[in-house]
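Participant: curious how this folds, go ahead:
(chains A and B)
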Amino acid sequence: MTGSQMGQADQVDQAKDGTAKDGTAKAGRRMRRQGALESTALYDEPGPKALARHRTYGIVASLVLAGIVAWVVYKLFDTEQFTADKWNAFTYKGIQELLLRGLGNTLRAFAWAAVLSLVFGAVFAAGRLSDHRVVRWFSTLVVEFFRAMPVLVMIFFIFIALKTEPRIALIAGLTLYNGSVLAEVFRAGVHAVPRGQSEAAYALGMRKTQVMSYVLIPQGVRTMLPAIISQLVVALKDTSLGFLISYEEFLYAGKQIATNLDYSLPFIPVVMVIAPVYIGMCMALSGLAKWIERRGRRSKRTA
Amino acid sequence: MNVLFDNWDTYWEGFLGTLKLTVVASALALALGVLVAACRVSPVAPMRVFGAVWVNVLRNTPLTLLFFAVVLGLPRFGVVMPFFVFAVLALGCYTSAFICEAVRSGINTVPAGQGEAARSLGMTFGQTLGLIVLPQAFRAVIPPIGSTLIALAKNSAIAGSFSVVELLGTYRTLNELGFSIVWTFVWIAVGYLIITLSISAAFGLMEKHWKVAR
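Facilitator: Just a heads-up that it's a prediction; the model follows:
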């Protein structure tokens, strides 16, 4: 939810506070704060009857959702996922180190892929913006091809046909795919800068390189940054593809624990340990993108 | 060229597998995505919270992890189904989060005045939704759904590593038979290009067909 929407909802509530004497409006206010009410084309500001109806629906929906959660938890207990011998494995130092090493490998692959795909993207975006037709066509061909291919096909191709290490294949595959997407992001960002900016720069006698590096890129980066970070989230998620070519990353470490007969095959405990870490890392990065986007919007308004 | 004709059956089977996976998972993703989008724009707070959690969790989950959890985790749960169904579940649920966001932002592009005008003409909620809001949202939603479904087709390659017959998985058979690896992959790439380009062409046609001059 964005800050401005929250603010609007609060203002509406405050305006209503004077008239509504019963508790209905207060309950509605409390409910609306839990998630932003976004679409207004669909319905008006609800009156007391509609609010009471929504509350009934809300209670029913909460009960159904709680029922589903309770059933899942019951099933977890029923299939003995919380017994000590399924969780014992995680108390061993070796296992903890295995997981941490896996996480380290995941982050290392992500860091390499992120840096290299930013470079790849910058190079090919420059190629696509080039004045030379051959360079432009070549860059377009490369970018369009790698964007259209499943990233896993590239990783497998590099791994099997070029017989590289799993790590190299993963990083190279991620770089080719995310770099191509980033090239498009960069190109769009540079194009998004108003034409008058580059015209003014040329009129001042700047060269093409100067126009790019002093005028277009500094302004473009601002609008591009959220898209760049969102693409890095994709790269972070896709490092888990390394699991399929037996790169020893986080998920692979999890699988090694899960398939070990000594710990009575703790598949679900492993998922319960690994999933929050992955989701947390990706959410933090997406949150950063959203925050930057909001900040950019605000600063533009004040400027 | 020989690699393709000598192994036509293997390729064809893999191609059909990918196609089937894409179509069935797309249907599931579209149905679930619209449902969750309805939750996200509903006036009932708990449903909105559910929609937000569904989208944020699934969008930030690596698809490989989801496959891992569904294909290897659910059987421990006492749920036993063919691998194909598991793959459809994982792909469909994952993609539904992206479809939901596309549909939701489509609905949000319809100006509030449209709904207000419809209601002041005395239209019911159903009429407002069916005659005013959805037809306008539909046009805005076509391009993002197209690119989401193309991503789904590409993501279906992961299923091959989880015992589902599909295009990328064919490399294993051909590799064992000793065919040229490079050419094997060239034809796999062509297969994926056929599917993704068809989807993008179909959505391009749809976009053109329902385009309105504004």
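Participant: which residue packs closest to whatever residue of the stretch 51-200 of chain A ends up closest to chain B, ignoring adjacent ones?
Facilitator: Nearest residue of the stretch 51-200 of chain A to chain B (C-beta to the nearest C-beta) works out as residue A:150 at 3.9 Å. C-beta here means a position set from N, CA and C on the backbone, and glycine is covered the same way. Leaving aside its sequence neighbours, residue A:150 sits nearest to residue B:154 (C-beta to C-beta, 6 or more residues apart in numbering or on different chains; 3.9 Å).
Participant: please, which helix or strand holds the one you found?
Facilitator: helix B:134-155 (DSSP states H and E).
Participant: what residues sit buried inside that helix?
Facilitator: The neighbour-count criterion (16 or more other C-beta atoms under 10 Å in any protein chain shown) identifies B:136-137, B:139-146, B:148-155 as the buried residues of helix B:134-155.
Participant: using PDB, write out every CA atom in that helix.
Facilitator: Coordinates of each C-alpha in helix B:134-155 appear next as PDB, following Å, rounded to 0.1, in the frame of the first residue of the first chain:
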ATOM      1  CA  LEU B 134     -14.300  -5.400 -17.100                       C
ATOM      2  CA  PRO B 135     -14.600  -4.500 -20.800                       C
ATOM      3  CA  GLN B 136     -12.300  -1.500 -20.300                       C
ATOM      4  CA  ALA B 137      -9.900  -3.400 -18.000                       C
ATOM      5  CA  PHE B 138      -9.800  -6.300 -20.400                       C
ATOM      6  CA  ARG B 139      -8.000  -4.300 -23.100                       C
ATOM      7  CA  ALA B 140      -5.400  -3.000 -20.700                       C
ATOM      8  CA  VAL B 141      -4.800  -6.500 -19.400                       C
ATOM      9  CA  ILE B 142      -4.000  -8.300 -22.700                       C
ATOM     10  CA  PRO B 143      -0.300  -7.300 -23.200                       C
ATOM     11  CA  PRO B 144       0.900  -8.000 -19.600                       C
ATOM     12  CA  ILE B 145      -1.000 -11.400 -19.500                       C
ATOM     13  CA  GLY B 146       0.600 -12.300 -22.900                       C
ATOM     14  CA  SER B 147       4.100 -11.700 -21.500                       C
ATOM     15  CA  THR B 148       3.200 -13.600 -18.300                       C
ATOM     16  CA  LEU B 149       2.100 -16.600 -20.300                       C
ATOM     17  CA  ILE B 150       5.300 -16.500 -22.400                       C
ATOM     18  CA  ALA B 151       7.200 -16.600 -19.100                       C
ATOM     19  CA  LEU B 152       5.100 -19.600 -18.100                       C
ATOM     20  CA  ALA B 153       6.000 -21.400 -21.300                       C
ATOM     21  CA  LYS B 154       9.700 -20.700 -20.700                       C
ATOM     22  CA  ASN B 155       9.400 -21.700 -17.000                       C
END
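Participant: contacting residues around that helix?
Facilitator: Identification of contacts with helix B:134-155 by C-beta atoms under 8 Å, 6 or more residues apart in numbering or on different chains yields A:149-151, B:18, B:22, B:25-26, B:29-30, B:63, B:91, B:94-95, B:98-99, B:102-103, B:105-107, B:109-110, B:114, B:192, B:195-196, B:199-200, B:202-204, B:206-207, B:210-212.
Participant: in ChimeraX, select just the buried ones from those.
Facilitator: Of the contacts of helix B:134-155, the buried ones go into a single ChimeraX selection, burial set by 16+ other C-beta under 10 Å:
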select /A:149,150,151 /B:18,22,25,26,29,30,63,91,94,95,98,99,102,103,106,107,110,192,195,196,199,200,203,206
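Participant: so which of the contacts of helix B:134-155 are in helices?
Facilitator: A:151, B:18, B:22, B:25-26, B:29-30, B:63, B:91, B:94-95, B:98-99, B:102-103, B:105-107, B:109, B:114, B:192, B:195-196, B:199-200, B:202-204, B:206-207 (DSSP state H).
Participant: where does chain B dip in pLDDT?
Facilitator: For chain B, residues meeting the criterion pLDDT under 70 lie at B:1, B:213-214.
Participant: burial of residue B:5, as a residue count?
Facilitator: By the other C-beta atoms under 10 Å in any protein chain shown criterion, the neighbourhood of residue B:5 contains 8 residues.
Participant: one more: residue A:194?
Facilitator: As a burial measure, residue A:194 scores 9 neighbours (other C-beta under 10 Å).
Participant: for it, phi and psi?
Facilitator: The phi/psi pair for residue A:194 (degrees, to the nearest 10) reads phi -50, psi 140.
Participant: so how far is residue A:246 from the residue lying closest to residue A:217 once chain neighbours are set aside?
Facilitator: Once flanking residues are discounted, residue A:217 sits nearest to residue A:190: 6.9 Å by C-beta to C-beta, 6+ apart. Taken as C-beta to C-beta, to the nearest Å, the spacing of residue A:190 relative to residue A:246 amounts to 40 Å.
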